[in-house]
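**Student:** Requesting a structural model of the entry that follows:
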Amino acid sequence: MQTEILISFAAYMLIMLAIGFYFYFKTSDLSDYVLGGRGLNPSVTALSAGASDMSGWLLLGLPGMMYADGIVGSWIAVGLIIGAYLNWHYVAKPLRVYTHHLNDSLTIPDYLANRFEDKGHWLRVITAVVILLFYTLYTSSGLVGGAKLFEATFDIAYSDALLIGSFIIVSYTFLGGYNAVSWTDFLQGILMMLALVVTPIVVIFELGGVNEALSQINTIDPSHLSIVSGASVISIISLLAWGLGYFGQPHILVRFMSIRDENEVNTAKIIGMTWMILSVLGSLSVGFFGFAYVAANSVDLQDSEKVFIVLSQLVFNPWIAGFLLAAILAAIMSTVDSQLLVSSSVLTRDIYHAIIRKNASDKELVWVGRATVILIAIIAWYISADENSSVLKLVSYAWAGFGAAFGPLVILSLYNRNITKLGAISGMLVGSLTVIVWKQIEGGIFDVFELLPGFIFSWIAILVISRYSKSSSQRMYNNYDEVQEKLQK
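**Tutor:** So this is what the prediction gives:
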């Protein structure tokens, strides 16, 4: 089996590297490297946003949760789908218009610095530090997922698997920048969706149909069929709260910023939400029905996050299995590459160019961006060295951090003209610190997913501090009013 799978993997990876080389020769300045020159069409915008959002947790963490906990785990899907829709509907178009209007802002720190006239660079630097902190964890989750994939597929040591996966992802991100990342994400998104739709259908067929599969699950563990079994009010609220994270994820927000025309956002929203609903339902089904299939075939599955890997090898012939396993790599790569690029763009645009070398040439900035991709990847690789790491746990920490630090600020910056720079800084710090502190305490109300209190406290801090801090300049008000007028046309 390994020969056929290896060939499938090799073909897939060569395609990704070819895209990286192609866009290497198309990248001429920093705007091309970090935002693709704001030229993405709606389909690429939608699928690259979805693929970069879902990461390896869609094929590893989420099926693993459903496998271990049963249908009660589907609460997280409800929260995510609602959150993603609201993000597309209320944030995408205003953010695209505002970032273009404000000196063609290329990154989230760039946008916030321009939005709040951050002449002293404090807001820019704090934003950059928060992004780098949580992206280090987020990128690590992707590298862990890639290592688990290679480890389980080719029976190689975790450390070797980690090196292989890291090298592949860094290579095409280093070469092609944003366009390479977006177009590979587009193809990877298609592959992920097909894998998640096809796999549960075949598994259900092998089990003898939906009714037979449900009967087998009921025989093994009836609690798997209950949407509230073993769930407390706090746990259900925590799962639903995942949806709040969408408003603050920089790798998703930059997709909104890069679409070629703000009037195409609605088309991208329809495409993106259709993709997401099909993919999430498929992912839940993989874990849910995989529970019955693994039991029926007496498979000793010690790590529930590997259920998709096991199913692909048990159910399909080696050639198809190879491409299904490549879908896991696609999910991992599509997020890690985006995270590496956003982190790189923050260091390059918001630290190196804005503060250290204001007169740096475009060529110099592109190469600084490439060098920082490697630097961040090395740090993330070091954190990922623990083979007992959980993809879902690493993702949840980073997701909460970004959602709490940036979610309220992004929303209020687009819909409230009275937010001040000090209010923005306070909100970021309160949100980030709440997540970090809340994570360390267990029991009672502290079992609520740290994103929820972090989001609430950040929102309150922004409004309260803005109310009592120095008022915004007239130019800030004018910019806000001009954007609102443009959005209403």
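
**Student:** Now name the helix or strand holding residue 63.
**Tutor:** Using DSSP states H and E, residue 63 maps to helix 61-69.

**Student:** Okay, buried residues for that helix please.
**Tutor:** 61, 62, 63, 64, 65, 66, 67, 69 (16 or more other C-beta atoms under 10 Å). Using the backbone N, CA and C atoms, a C-beta is placed for each residue, glycine as well.

**Student:** now do stretch 143-162
**Tutor:** 143-153, 158, 161-162.

**Student:** who touches residue 70 in this structure?
**Tutor:** By C-beta atoms under 8 Å, 6 or more residues apart in numbering, the contact set of residue 70 is 217, 221, 223, 224, 225, 226, 229, 288, 291.

**Student:** Looking at those, which gets the smallest pLDDT?
**Tutor:** Ranked by pLDDT, those bottom out at residue 229 (75).

**Student:** That one belongs to a helix?
**Tutor:** No - according to DSSP: H, G, I helix; E, B strand; the rest coil, the state of residue 229 is coil, so it is not within a helix.

**Student:** For residue 157, see how far away it is.
**Tutor:** Distance, residue 229 to residue 157, using C-beta to C-beta, to the nearest Å: 38 Å.

**Student:** any low-confidence regions in the stretch 1-150 of the chain?
**Tutor:** Applying pLDDT under 70 to the stretch 1-150 of the chain flags the ranges 1-2, 20-21, 23-39, 55-56.

**Student:** Ok, the stretch 301-450 of the chain next?
**Tutor:** If you take pLDDT under 70 as the line, the stretch 301-450 of the chain has these spans: 327, 330-331, 333-335, 337-338, 341, 362, 386-392.

**Student:** circling back to that earlier point, tell me the helix or strand right after the helix holding residue 63.
**Tutor:** Heading C-terminal from helix 61-69 (DSSP H and E), you reach helix 75-87.

**Student:** Identify all contacting residues around the helix or strand just after that next one.
**Tutor:** Next helix or strand after helix 75-87 toward the C-terminus (DSSP H and E): helix 93-101. Contacts to helix 93-101, defined as C-beta under 8 Å, 6+ apart, come from residues 38, 105-106, 110-111, 115, 253, 256-257, 259, 262, 265-266, 410, 413-415, 479, 482-483, 486-487.

**Student:** Check stretch 6-14 too.
**Tutor:** Residues outside stretch 6-14 that contact it (C-beta under 8 Å, 6+ apart) are 154, 168, 319, 321, 322, 323, 325, 326, 329, 330.

**Student:** Report the two of the residues you listed separated the most.
**Tutor:** Greatest spatial distance among these (C-beta to C-beta): 168 and 319, at 20.5 Å.

**Student:** which of these two has more neighbours?
**Tutor:** residue 168 (22 against 13; other C-beta atoms under 10 Å).

**Student:** ok, and the more buried one, which helix or strand is that part of?
**Tutor:** helix 158-207.
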